[in-house]
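A.B. asks: following is a predicted model, sequence given first.
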Protein chains: 2
Amino acid sequence: MVYSISIFVSETQSAMKFGGKIGIVGAGALGAFYGARLYRAGNDVHFLVRTGFELIREHGYEIRSCDGDFTIKPPVYSAPEDLGKCDLILVGLKAFANHFLPEVLGPLATPNTVVVTLQNGLGNEETIAEALVKCGVHRSVAEASKQIIGGTAFLCSNRVAPNVIIHSAHGFVRLAEFQGSPKERTFAVAQLFLDAGISCEVRESLAAIRWEKLVWNIPFNGLGVAAHQADTAVILADPELRTTAVEIMKEVIAAAKVNGVDLDERLVADLIGKTEIMGHYKSSMQIDFEAGRPLEVEAILGEPVRRAQQKGFSAPRMHMLYALVRRMDQLRQSNLENSQSRSS
Amino acid sequence: MVYSISIFVSETQSAMKFGGKIGIVGAGALGAFYGARLYRAGNDVHFLVRTGFELIREHGYEIRSCDGDFTIKPPVYSAPEDLGKCDLILVGLKAFANHFLPEVLGPLATPNTVVVTLQNGLGNEETIAEALVKCGVHRSVAEASKQIIGGTAFLCSNRVAPNVIIHSAHGFVRLAEFQGSPKERTFAVAQLFLDAGISCEVRESLAAIRWEKLVWNIPFNGLGVAAHQADTAVILADPELRTTAVEIMKEVIAAAKVNGVDLDERLVADLIGKTEIMGHYKSSMQIDFEAGRPLEVEAILGEPVRRAQQKGFSAPRMHMLYALVRRMDQLRQSNLENSQSRSS
């Protein structure tokens, strides 16, 4: 790709190694996959587990991966108090579960813990910083913000059972400090991924990697739900939806620009080309919707729209997509409540 | 309303009276209602009927109306050849059925027949003109165009059985010549409606009344389908959908402007206010969608987008709405085909 500058991790840059305790928060398709790879590479990785705790404790995680299958039996915990303080926390929660963060991070984090979030969308770092204040680790959001690293994960994985992850493609990670430029610790975290066989690069600007990922995520996650079971191939085969996806991409690039992030317009053609190759690929939001789960509607759609509008850019397509997907998410919720009240 | 200039029909203007034979094409919720009112007022009205022919011939039409219930037993026909030549044809077909027009208009129209369409959206007059050429009534579209009057109907009605129409509110009609200024015959047609107790006004510009109606029709028909069973109250109660509807309205006004139609921006607040009062009102497109019928997607959404884009206006929200509703319409069609192939 020609449109962005990466700082690749070299051995000289990563003199610092992370030898400490790693906690995985949100051990789903993303968290469990990366956690398992880090564990297999010999790191001291501990998993906080909400569903399937007994199953995972007994049988461990089974990773069926295009890079080779493997099973691990790492330490797992059902309560954050049992897991205890960590040197590094990897957050893989779905953004709609962020309200759990204060109670989860409280027992895990110290003022020196590095918190890495690989969640989708915008606003997760801010929420984590607020959670670190709420649970008493820091007294100010400004202080808490300094211990957070943000990242984007390019990963095709799916959890098919509480302890079984299917990894079908990719996996590379981009990291950037939430506040300021990359530090020695940023490269050290990247080296952890590299040593686990995961491509990883450190970038200067978190905003840049987040907005760059949104250029794909907004149209294909949003239309995947709003245009009804529309996987990537369906969207690209329909001339009007394809044009819509392209126009949304351009709009996200414009929204990034008003937020100080300059992305190359060639990114659009590049991403469309890559998506063509993916065939009938379902976005995470489409999968969540079909499974009746909540959607990451605020992180992936709502927050980018608000940040564009705050800078005076109306983002018409992004806003309409947000309004429609938000409605779908609320309908699912009210249908759920109706079916619960009928069955009770 | 302050935003438009109407020419109300006065007795002096309507010296010409329509004494001839009137044919109703598309005797649905709209066509049967207006046809029945014209018949009851003493006009020579004949109905072309596709479904429920025997039922309607035997029992006539039952109009359950907020203006008073009534029943009529007018002449009905299942084939246009049986109905024969008319002096006036009132077209109330759904726009998705316009491909039937050449075979239907052929036996009904002469070069002197006045064809009045009260269909939704844009492009119906053009299609009727082409149909009049295809069926041999005229040799050129330009000639055929001269015999067409377009109109917009503000009517809340629903067909609940082939011969039963529920009329719940409104009914007023705006008319304008497809080509050129209002003529004596335009006022004569308006007088027909007035004599039947239907408010009717003649306007200078067909484009103006069509675009003005689209300011309501595009957001509420489009979102009614794209935002899932979203009636007007649902749309207005959801802050993001409400904003979306308002922004779409402004966009339609902008699209009208590039097409030479100046609408007052106050129309937006006026229509939102009127829609507030309507309560849980379902647009015709939402009703069609819920009933599994085809949608008037090209007339109401597609053609306005294309006319905006032809003038260099991208119409982002209108285009996205068109892309999404078009997808829903195609999904319904393919689901229908799947269920037919399964049952055969």
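C.D. replies: Perfect, I can see it now.
A.B. asks: what parts of chain A come near chain B?
C.D. replies: Contact residues, chain A versus chain B (C-beta under 8 Å from any C-beta of the partner chain): A:226-228, A:230, A:238, A:240-241, A:243-244, A:247-248, A:251, A:314, A:316-317, A:319-324, A:326-328, A:330-331. Every residue, glycine included, has its C-beta placed from N, CA and C.
A.B. asks: now those: which count as buried?
C.D. replies: Buried by 16 or more other C-beta atoms under 10 Å in any protein chain shown: A:226-228, A:230, A:238, A:240-241, A:244, A:247-248, A:251, A:316-317, A:319-324, A:326-328, out of the residues of chain A next to chain B.
A.B. asks: okay, and for the stretch 151-300 of chain A, where does confidence drop off?
C.D. replies: Scanning the stretch 151-300 of chain A for pLDDT under 70 picks out nothing.
A.B. asks: next one: whichever residue of it sits closest to chain B from residue B:197, what distance?
C.D. replies: Taking C-beta to the nearest C-beta as the measure, the stretch 151-300 of chain A has residue A:240 as its residue closest to chain B, at 3.8 Å. Separation of residue A:240 from residue B:197 (C-beta to C-beta, to the nearest Å) stands at 43 Å.
A.B. asks: same deal with residue A:108?
C.D. replies: According to C-beta to C-beta, residue A:108 and residue B:197 sit 75 Å apart.
A.B. asks: and those two? which has more neighbours close in?
C.D. replies: The residue with more neighbours, out of residue A:108 and residue B:197, is residue A:108; 23 against 12, by other C-beta atoms under 10 Å in any protein chain shown.
A.B. asks: who touches that one in this structure?
C.D. replies: By C-beta atoms under 8 Å, 6 or more residues apart in numbering or on different chains, the residues touching residue A:108 are A:23, A:25, A:48, A:80, A:83-86, A:89.
A.B. asks: what do you get for residue A:30?
C.D. replies: Residues near residue A:30 by C-beta under 8 Å, 6+ apart: A:92, A:118, A:153, A:155, A:157.
A.B. asks: what ranges does the stretch 1-150 of chain A have for its strands?
C.D. replies: Shown for the stretch 1-150 of chain A, the strands assigned by DSSP state E, counting those that start in this stretch span residues A:7-8, A:21-25, A:44-48, A:61-65, A:70-72, A:76-77, A:88-91, A:114-117, A:148-161.
A.B. asks: give me the buried positions along the last one.
C.D. replies: The reference is to strand A:148-161. Neighbour-count burial for strand A:148-161 [16+ other C-beta under 10 Å]: A:148-153, A:155-159.
A.B. asks: alpha carbons only: can I get that strand in PDB?
C.D. replies: What follows is strand A:148-161, C-alpha atoms only, in PDB (Å, rounded to 0.1, in the frame of the first residue of the first chain):
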ATOM      1  CA  ILE A 148      -3.500   3.400  26.800                       C
ATOM      2  CA  ILE A 149      -2.300   2.100  23.400                       C
ATOM      3  CA  GLY A 150      -4.900   1.800  20.600                       C
ATOM      4  CA  GLY A 151      -4.700  -0.600  17.800                       C
ATOM      5  CA  THR A 152      -6.600  -1.900  14.800                       C
ATOM      6  CA  ALA A 153      -6.700  -5.600  14.100                       C
ATOM      7  CA  PHE A 154      -7.200  -7.000  10.500                       C
ATOM      8  CA  LEU A 155      -8.500 -10.400  11.400                       C
ATOM      9  CA  CYS A 156     -11.100 -12.800  10.100                       C
ATOM     10  CA  SER A 157     -12.100 -14.900  13.000                       C
ATOM     11  CA  ASN A 158     -15.300 -16.200  14.500                       C
ATOM     12  CA  ARG A 159     -16.100 -17.900  17.800                       C
ATOM     13  CA  VAL A 160     -18.200 -21.000  17.000                       C
ATOM     14  CA  ALA A 161     -18.300 -22.300  20.600                       C
END
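A.B. asks: between it and strand A:61-65, how many degrees?
C.D. replies: Put simply, strand A:148-161 runs at 90 degrees to strand A:61-65, going by axes from the mean of the first three to the mean of the last three C-alpha atoms, to 10 degrees.
A.B. asks: who does strand A:148-161 touch, helix- and strand-wise?
C.D. replies: Contacts defined by 3 or more C-beta pairs under 8 Å, 6 or more residues apart in numbering or on different chains; DSSP states H and E place strand A:148-161 against helix A:31-40, strand A:114-117, helix A:124-134, strand A:164-177, helix A:184-195, helix A:206-226.
A.B. asks: residues in contact with the next helix or strand after the longest one: which ones?
C.D. replies: Beyond helix A:206-226 in the direction of the C-terminus, DSSP states H and E gives the next helix or strand as helix A:232-237. Among residues not part of helix A:232-237, those counted as contacts by C-beta under 8 Å, 6+ apart are A:219-220, A:223-224, A:227, A:241-242, A:245, A:272, A:275-276, A:278-283.
A.B. asks: roughly how far is stretch A:146-161 from the heart of the chain?
C.D. replies: The chain centroid and the centroid of stretch A:146-161 are separated by 4 Å under C-alpha atoms, centre = their mean, to the nearest Å.
A.B. asks: actually stretch A:292-312, sorry about that
C.D. replies: Centroid displacement of stretch A:292-312 relative to its chain, using C-alpha atoms, centre = their mean, is 14 Å.
A.B. asks: can you get me the start-to-end distance on it?
C.D. replies: Stretch A:292-312 has an end-to-end distance of 35 Å (C-alpha to C-alpha, to the nearest Å).
A.B. asks: can you list the buried residues in that stretch?
C.D. replies: By neighbour count on 16+ other C-beta under 10 Å, the buried set for stretch A:292-312 is A:295-305, A:307-308.
A.B. asks: and what of stretch A:18-26?
C.D. replies: Across stretch A:18-26, burial judged by 16+ other C-beta under 10 Å covers A:18, A:21-26.
A.B. asks: now do the end-to-end distance for that stretch.
C.D. replies: 21 Å.
A.B. asks: also stretch A:112-122?
C.D. replies: By C-alpha to C-alpha, the extent of stretch A:112-122 from end to end equals 24 Å.
A.B. asks: how confident is the prediction for residue A:19, by pLDDT?
C.D. replies: We note a pLDDT of 81 for residue A:19 in this prediction.
A.B. asks: and it, what does it touch?
C.D. replies: Listed by C-beta under 8 Å, 6+ apart, the contact partners of residue A:19 are residue A:44.
A.B. asks: distance of the residue lying closest to residue A:296 once chain neighbours are set aside relative to chain B?
C.D. replies: Excluding the flanking residues, the one nearest residue A:296 by C-beta to C-beta, 6 or more residues apart in numbering or on different chains is residue A:95, at 4.5 Å. Separation of residue A:95 from chain B (C-beta to the nearest C-beta, to the nearest Å): 18 Å.
A.B. asks: residues near residue A:95, how many?
C.D. replies: Per other C-beta under 10 Å, the neighbour tally for residue A:95 reads 23.
A.B. asks: hmm, back to that, buried subset of the contacts of residue A:108?
C.D. replies: For those, a neighbour count by 16+ other C-beta under 10 Å gives the buried set as A:23, A:25, A:48, A:80, A:83, A:86, A:89.
A.B. asks: the fifth one: what's its closest spatial neighbour, skipping adjacent residues?
C.D. replies: For residue A:83, ignoring the flanking residues on the chain, the nearest one in space by C-beta to C-beta, 6+ apart is residue A:77 at 4.2 Å.
A.B. asks: can you redo the buried ones among the contacts of residue A:108 as a markdown table with distance to residue A:174?
C.D. replies: Listed next are the buried ones among the contacts of residue A:108 as a markdown table, based on distance: C-beta to C-beta, whole Å:
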| residue | distance to residue A:174 |
| --- | --- |
| A:23 | 21 |
| A:25 | 20 |
| A:48 | 24 |
| A:80 | 28 |
| A:83 | 27 |
| A:86 | 22 |
| A:89 | 18 |
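A.B. asks: nearest to residue B:124, of those residues?
C.D. replies: Closest approach between the buried ones among the contacts of residue A:108 and residue B:124, by C-beta to C-beta: residue A:25, at 58.6 Å.
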